[in-house]
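# build me a model:
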Amino acid sequence: MTMTKAISVERLMQVLLAPQISEKGTFIGEKHNQYVFRVVPDATKFEIKAAIELMFKKKVKSVQVLNVKGKQKRFGRTIGRRRNWKKAYVSLLPGEEITFQGTE
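Okay, the predicted model is just below:
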């Protein structure tokens, strides 16, 4: 954990954008004790792990990330595209749990 001091707290507070709450995310959370977050596109696995441990005070087992391609959308004759974004699957150690306020 010596690298934690190399990353500023301000950067870690900006890495996580929002929890990605969906049916798939809820199923994965119950089955594998994982949580899904939307993160900034240039975030690394180490930064995501450090941000979760800093903000939620929970121990992280592993982090998996994937880039989600933005969907192509039409509005009349105009074709546009949504932004690409990054998703992180965070596995916590057994016994650890994150509760989000206002979701119950």
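# distance check, residue 88 against residue 25.
Using Cβ to Cβ, to the nearest Å, we find residue 88 at a distance of 11 Å from residue 25. C-beta coordinates here come from the backbone N, C-alpha and C atoms, glycine included.
# help me confirm that residue 60 comes into contact with residue 93.
Yes - taking contacts as Cβ atoms under 8 Å, residue 60 lies within contact range of residue 93: 7.5 Å.
# counting neighbours, go ahead and name the busier of the two.
Between residue 60 and residue 93, residue 60 has the larger neighbour count (other Cβ atoms under 10 Å), namely 19 against 11.
# just give the nearest non-adjacent residue to that one, would you?
Using Cβ to Cβ, 6 or more residues apart in numbering and skipping the chain neighbours, the partner closest in space to residue 60 is residue 49 (4.6 Å).
# show me the common contact partners of residue 88 and residue 25, please.
residue 36 (Cβ atoms under 8 Å, 6 or more residues apart in numbering).
# okay, these two: which has more neighbours?
Using other Cβ under 10 Å as the criterion, residue 88 and residue 25 rank with residue 88 on top: 25 against 17.
# show me what the more buried one is bridged to.
residue 37, residue 65 (DSSP bridges).
# check contacts around it.
Contact analysis of residue 88 by Cβ under 8 Å, 6+ apart lists 36, 37, 38, 39, 43, 45, 48, 63, 64, 65.
# list buried residues within those.
Neighbour counting by 16 or more other Cβ atoms under 10 Å classes 36, 37, 39, 43, 48, 63 among these as buried.
# export those residues as a markdown table, with columns for distance to residue 54 and pLDDT.
Output for the buried ones among the contacts of residue 88, formatted as a markdown table (distance: Cβ to Cβ, whole Å; pLDDT from 0 to 100):
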| residue | distance to residue 54 | pLDDT |
| --- | --- | --- |
| 36 | 19 | 94 |
| 37 | 13 | 95 |
| 39 | 14 | 96 |
| 43 | 13 | 94 |
| 48 | 11 | 95 |
| 63 | 14 | 96 |
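# and the longest helix that the chain contains, what's buried?
What stands out as the longest helix in the chain, according to DSSP state H, is helix 45-56. Of all the residues in helix 45-56, those buried under the rule 16+ other Cβ under 10 Å are 47, 48, 49, 50, 51, 52, 56.
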